[in-house]
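# test case, fold it:
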Amino acid sequence: MTPAAITADVDCIRTAAIDAVRPESLVPTRITLAGRELLLDGKPFSPPVALRGRVIVVGGGKAAAGVAAAVERLLAAAVSSGLQVAGLVSVPEGSGRRLAHVEVRETRPLAANLPTPAAVAASREMRGMLAECGAADLAIVIVTGGGSALIEEPRDGVSLAGTIALVRHLSGSGASIRDLNTVRQPLSIVKAGGLARECSAGRMVTLVLSDIIGDSLDLIASGPCMPVIADPAAALDVLRRYAALDVDPAITRLLEREASAARSPFDGAASAGGWTTPRGCRVSHVLLGTNATAVEAAAAMARRLGYETVVQSTSTEEESADSVGGRLARDATLLSAAAVADGRPRAIIEGGEATVVLPRDHGLGGRNQQTVLAALAAWSGEWPRKLAVASIGTDGEDGPTDAAGGMVDAEVAAAVATRRLDVATAVRRCDAHPLLDAVGGLIRTGPTGTNVADVRLILARP
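Next up, the predicted model:
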């Protein structure tokens, strides 16, 4: 087998991972329609979900268009007999499509995972649609990865510019998704259950595609339909830890005023079975797919390709991209040696979402590109001819770049050596994109229409 052939295996495995979490295929595996009643896994919801009035579909995220399309297909028979369906979902540029009843609105640019005035306007419209529902209506809310930027409406006293500045600062300082959402939630009208609390429908079903390792419903898109009590004191603690108190003094003062009166945050995971809003809307959540769904599909494909495959445990512990890269290099060393020793191809597949701390003189890259370049930097000796290490964002976006992630194989490593490229400096400056681009180490997919965090691969053949 040539290095090109093992690279083709990487492409085949990452394609299987992404295909497994496309919402058009996930929705019908969980939700079906029997007459005018929605069923969950073939059984009635508790309490039941009957289509007695209109259906209003709102939400956002990188997979929201696909979920909305699947919902329209689900309801097609009922629509043909008079059911009224309308709605609006907020998606990134390049993820739009024309649907019959639900508007799919592109509200932020590609490779810029931050809220925009267009996203705020869309979120305000969604709130209005939910507030106008009647007791016989059903609200279907779509919540997927990337929704924190796409479902956003700052509360009074909080500017959009201030929210963006804080998110940029925290992300560049290596803050975890939990830290980010701890800060986002008390600053927003629609997060931490805010979207659901506006709803006057009798019933709400929230369809969730998780990009959060551990699948905490209060963290996915900042929990817009979860009964979370935002915690200003915890948000202040995050700002202190990441030296962010002075990023927007007005926000800091607001959090300080409210911190002493804040209650303890609700444990979102405990309410996954459902809750009733102050307006009497009964809310249910349905988890359609997770990072584990993609990892398991990748592992199944690797086994079909002949690899003895180990799935690493997906941990909720935060890891930096540099640390992940070093660990992958150590694992790859052992894996390659084992494959050569007994002649059996081997694979390691894992999921995750690494963090990156940006230096002042940072370059261009993303957490997946940084991960694979860190693995190359940690490698000692010549790169084996039949070894590949890859890290891919299932959404097709990796940082503010045009790549989904990166890969190092023998050809990439040889090109780096031949051109005497400074890998260590590129890792230190978080400048992986131009180096990997120069040697053919970028993985480009374009927007995939889904998002369940990242998949990492190590493939070794004898």
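# can you list the residues that contact stretch 97-108?
57, 60, 64-65, 68-69, 71-72, 79, 85-96, 114-116, 118-119, 121-122, 149-150 (C-beta atoms under 8 Å, 6 or more residues apart in numbering). Heads up, the C-betas are built off the backbone N, CA and C, glycines and all.
# do the same with stretch 246-261
157-159, 161-163, 165-166, 169, 186-187, 232-233, 235-236, 239, 245.
# repeat that for stretch 111-125.
Counting by C-beta under 8 Å, 6+ apart, 60, 88, 90, 92, 105, 107-109, 146, 148-154, 160, 163-164, 167-168, 189-190, 195, 397, 399-402 sit against stretch 111-125.
# let's go with 7 Å and repeat that
Here stretch 111-125 makes contact (C-beta atoms under 7 Å, 6 or more residues apart in numbering) with 88, 90, 105, 107-108, 146, 149-153, 160, 163-164, 167, 190, 397, 400-402.
# picking up where we left off before, among the contacts of stretch 97-108, which are located in helices?
Taking DSSP state H, the ones among the contacts of stretch 97-108 that sit in helices are 64-65, 68-69, 71-72, 79, 118-119, 121-122, 149-150.
# could you flag which of these are buried?
Ala64, Ala65, Ala68, Ala69, Val71, Glu72, Val79, Ala119, Ala122, Ala149, Leu150 (16 or more other C-beta atoms under 10 Å).
# out of the ones in helices among the contacts of stretch 97-108, who's nearest Val389?
Ala149 (29.5 Å; C-beta to C-beta).
# residue contacts, the closest one?
Arg108, Asn113, Leu114, Pro115, Ala119.
# and if you look at Val79?
By C-beta under 7 Å, 6+ apart, Val79 lies in contact with Val85.
# and what of Glu153?
Glu153 neighbours (C-beta under 7 Å, 6+ apart): Val120, Ser123, Arg124, Ser188, Ile189, Val190.
# Ala230: neighbour count?
By the criterion of other C-beta atoms under 10 Å, Ala230 has 27 neighbours.
# okay, and it sits in which element?
Using DSSP states H and E, Ala230 is not contained in any helix or strand.
# residue ranges with poor pLDDT in the stretch 301-450 of the chain?
The stretch 301-450 of the chain contains residues with pLDDT under 70 at 313-317.
# what do you get if the cut-off is 50, keeping everything else the same?
Of all residues in the stretch 301-450 of the chain, none has pLDDT under 50.
# so which residues of it form strands?
Under the criterion DSSP state E, counting those that start in this stretch, the stretch 301-450 of the chain contains strands at 308-311, 346-352, 387-393, 405-408, 442-443.
# Ile13: which of the ones you listed is closest?
Comparing the strands of the stretch 301-450 of the chain under C-beta to C-beta, the one sitting nearest is strand 346-352, at 7.5 Å.
# still on that earlier bit, for the ones in helices among the contacts of stretch 97-108, work out which two are farthest apart.
For the ones in helices among the contacts of stretch 97-108, the farthest-apart pair by C-beta to C-beta is Val79 and Ala149; their separation is 31.0 Å.
# and the helices in the stretch 251-400 of the chain?
For the stretch 251-400 of the chain, applying DSSP state H, counting those that start in this stretch gives helices covering 291-304, 321-342, 367-378.
# in contact with Gln84, which residues?
Arg54.
# follow-up on the earlier one: from the contacts of Glu153, pick the one nearest Gln370.
Ser188 (29.0 Å).
# what sits closest to Val85 if chain neighbours are left out?
His101 (4.2 Å; C-beta to C-beta, 6 or more residues apart in numbering).
# residues near the one you found, how many?
17.
# let me see the domain layout of this structure.
Domain segmentation of the chain under automatic domain parsing yields 14-291, 292-460.
# turn the ones you listed into TSV, including distance to Ala5.
Output for these, formatted as TSV (distance: least, C-beta to C-beta, whole Å):
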stretch	distance to Ala5
domain 14-291	15
domain 292-460	8
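# can you say which of these is nearest to Ile6?
Nearest of these (C-beta to C-beta): domain 292-460, 5.1 Å.
# quote the end-to-end distance of that closest one.
The first and final residues of domain 292-460 sit 22 Å from each other (C-alpha to C-alpha, to the nearest Å).
# check the offset of that domain from the chain's centre.
Here domain 292-460 is found 18 Å from its chain centre; the criterion is C-alpha atoms, centre = their mean, to the nearest Å.
# buried set for stretch 370-381?
By neighbour count with 16+ other C-beta under 10 Å, stretch 370-381 contains the buried residues Gln370, Thr371, Val372, Leu373, Ala374, Ala375, Leu376, Ala377, Ala378, Trp379.
# could these go into TSV alongside distance to Glu296?
As requested, the buried residues of stretch 370-381 are exported to TSV (distance: C-beta to C-beta, whole Å):
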residue	distance to Glu296
Gln370	25
Thr371	21
Val372	22
Leu373	27
Ala374	26
Ala375	23
Leu376	28
Ala377	30
Ala378	28
Trp379	28
